[in-house]
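**Q** The following block contains a protein sequence and its predicted model.
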Amino acid sequence: MRRFEKEESFLKLEKGNRPVVCVQGLGFVGAAMAVAVSNAKDTEGNRLYDVIGVDLPTEEGKRRADAITQGLLPFENSDIQLKEALASAHRAGNLIAVTNSSVYTMADVIIVDVNLDISYEGGKADVPLSGFRKAIQTIGESVQPDTLIIVETTVPPGTCENVVVPELNQALVKRGLPKHQVHVSHSYERVMPGKDYLDSIINYWRVYAGVTEEAGDRCETFLSSIINTKDYPMTRLHSTTASETAKVLENSYRAMTIAFMEEWGRFAESVDIDMFQIIEAIRMRPTHSNMRQPGFGVGGYCLTKDPLFAQIAAEKYYQLSHIDFEFCKRAVEVNRKMPMVSFNKLYNHFKQDLKGKKVALFGVSYRQDVGDTRYSPSEPFVKKLTESEAIVDCYDPLVPRWEEMKMDVQQQLPSAPYDAMVFAVGHQEYRQIDFRQWLNGRTPLVLDANNVLSDEQRLQLRTIGCDVISIGRGDNL
Ligand SMILES: NC(=O)c1ccc[n+]([C@@H]2O[C@H](COP(=O)([O-])OP(=O)(O)OC[C@H]3O[C@@H](n4cnc5c(N)ncnc54)[C@H](O)[C@@H]3O)[C@@H](O)[C@H]2O)c1
């Protein structure tokens, strides 16, 4: 790919010798995928692809594209390997990002990593497909015949066949081209932002399928050039609908097993036993080694919505009114309510009066060791505390600004006194706190809402005079 100075001059971009891969959508998935593809090399160490990331021409889209073009990840990230891979692609000059969709005309491969959001009110889930359709139409406006398209966005099962292919055909016909001239496939990401961000793309198992045999073959060849398939073999399914279903089922299963633990946590708290110790004992049995545990709540972009996609597909694409996906809906509802259990613990401890109580919340991201705050369970928790007129300060080493709450977040442990401290996210920094030194005579209530603190830390806190209560274990443990 010939170099360019700025995005405005993207028209100067010219195709070089390497195949061009466009990644549509530069969010948590697309940005990392673009880096992974740009670092794919042949056996002699030569880079295989020129990569162009594409986002929307919005303020945020431009910020993301500019960051990547400058060799920087647009998000807080603790994975050094990913940072280095991006910097090395930047030096090699085979990765840029733009907000102008006409670059699809140069693509040999297009990877779709746009968002697809769900609304869920009163037990009814819906997914407005207009944004996703628009993304596919945009590709259709300039894609060249023979291009491989890989949809990685999580979609209601059946979307490639019922939406992607028809939209592309329509766009091709409009341009005077024959239908079915591009190869549509589906393969879902299991990317996990955090310290193993890049590894979760290149050193991880994949599932994929093509709308046609040829699309499946091409998808396999392409992904095998990016992913370490020797150690992490890929699984091919017989249709894109099957691959889309695998993604949705995988996440629904996870969301449901988390929800399942919720009432066991309440039981443990009530009868003064330690659910985490019990789960560790059960996990020794290989068939139960990934048993979930009680916690503060379920957040992030995936588990909060993916269990609802199957019901939407059943209704929208297949008119299957007799299948209700009751467990999936229940899981989403139980998981949504979880942060209120922690709230109620504080509320009851302070005799139903939180007015003027100073509360410090440790952890606002949705998961330990990541800076992603999307659908974080800390959000309803803080809102409810504020509604109750408590004074809340938030701390998180990985989140300087909490966009969803329009709030600056502090990174350092505070020296100010608090009535209560809530540990909501198991960031590694919290597991190393020496409370005796830090609290220096202060004795706030401590709520360990997510099994964040060690036995030693809880003992230390009690020794210095703090009340310690937990989610998932009795108050004396
Ligand atoms: N860890 C994860 O977040 C994760 C893991 C696996 C799968 N997924 C799935 O991957 C998909 C993307 O997730 P994400 O977390 O990266 O979302 P995101 O919201 O962080 O990013 C999506 C990006 O797509 C851009 N976009 C939307 N429409 C576009 C268009 N027409 N053209 C170009 N760009 C467009 C948005 O501006 C945004 O930057 C989702 O379907 C998600 O469920 C996410």
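**A** Okay, I see it. None of these values were measured; they are calculated from a predicted model.
**Q** all strands of the stretch 1-150 of the chain, in order?
**A** 20-24, 50-54, 95-98, 109-112, 119-121, 124-126, 148-151 (DSSP state E, counting those that start in this stretch).
**Q** Could you identify which of those strands is most buried?
**A** Per-stretch averages of neighbours, counted by mean count of other Cβ atoms under 10 Å, single out strand 50-54 among the strands of the stretch 1-150 of the chain, with a mean of 29. For the C-beta atoms, the positions are set from N, CA and C on the backbone; glycine is no exception.
**Q** and it, does that touch the ligand?
**A** Yes - Strand 50-54 reaches the ligand (Cβ under 6 Å from any ligand atom) through residue 54.
**Q** Pull the residues that contact that strand.
**A** 1, 13, 15-16, 18-26, 30-31, 34, 37-38, 64-65, 68, 89, 94-101, 103-104, 106-107 (Cβ atoms under 8 Å, 6 or more residues apart in numbering).
**Q** closest point of the protein to the ligand, which residue?
**A** residue 27 (1.8 Å; Cβ to the nearest ligand atom).
**Q** measure that residue to residue 60 for me?
**A** 10 Å (Cβ to Cβ, to the nearest Å).
**Q** and if you look at residue 224?
**A** Distance from residue 224 to residue 60, by Cβ to Cβ: 33 Å.
**Q** Get me the contact residues on the stretch 101-250 of the chain for the ligand.
**A** 113-116, 131, 134-135, 138, 152-154, 189, 191, 193.
**Q** before we move on, back to that, Serialize the strands of the stretch 1-150 of the chain to a markdown table and add fields for distance to residue 302.
**A** Output for the strands of the stretch 1-150 of the chain, formatted as a markdown table (distance: least, Cβ to Cβ, whole Å):
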| stretch | distance to residue 302 |
| --- | --- |
| strand 20-24 | 19 |
| strand 50-54 | 21 |
| strand 95-98 | 23 |
| strand 109-112 | 16 |
| strand 119-121 | 14 |
| strand 124-126 | 15 |
| strand 148-151 | 16 |
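**Q** got those as a markdown table, with mean pLDDT columns?
**A** Listed next are these as a markdown table, based on pLDDT from 0 to 100:
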| stretch | mean pLDDT |
| --- | --- |
| strand 20-24 | 98 |
| strand 50-54 | 97 |
| strand 95-98 | 97 |
| strand 109-112 | 98 |
| strand 119-121 | 85 |
| strand 124-126 | 86 |
| strand 148-151 | 98 |
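**Q** Among those strands, which comes closest to residue 476?
**A** strand 119-121 (38.5 Å; Cβ to Cβ).
**Q** Neighbouring strands - and their directions - for that closest one?
**A** strand 124-126 (antiparallel) (DSSP bridges).
**Q** List the neighbours of the strand it pairs with that are in contact with it.
**A** So strand 124-126 is in contact with 118, 119, 120, 308, 311, 312, 329, going by Cβ under 8 Å, 6+ apart.
**Q** Please apply the same query to stretch 427-446.
**A** Taking Cβ under 8 Å, 6+ apart as the rule, stretch 427-446 contacts 346, 349, 360, 362-363, 365, 368-369, 396-398, 413, 417-423, 452-454, 457-458, 460-461, 463-469.
**Q** Mind checking which of those are buried?
**A** 346, 349, 360, 362-363, 365, 368-369, 396-398, 418-423, 452-453, 457-458, 460-461, 466, 468-469 (16 or more other Cβ atoms under 10 Å).
**Q** And residue 116, how far from residue 23?
**A** Distance from residue 116 to residue 23, by Cβ to Cβ: 16 Å.
**Q** Apologies, that question was intended for residue 89.
**A** Residue 89 is 12 Å from residue 23, by Cβ to Cβ.
**Q** got it, and residue 109?
**A** 9 Å.
**Q** and if you look at residue 85?
**A** 14 Å.
**Q** Residue 167 too?
**A** Counting by Cβ to Cβ - residue 167 and residue 23 are separated by 19 Å.
**Q** Break the chain into its domains for me.
**A** Domain ranges of the chain: 7-238, 338-477, per automatic domain parsing.
**Q** I'd like these as a markdown table, with distance to residue 261 appended.
**A** As requested, the domains of the chain are exported to a markdown table (distance: least, Cβ to Cβ, whole Å):
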| stretch | distance to residue 261 |
| --- | --- |
| domain 7-238 | 20 |
| domain 338-477 | 8 |
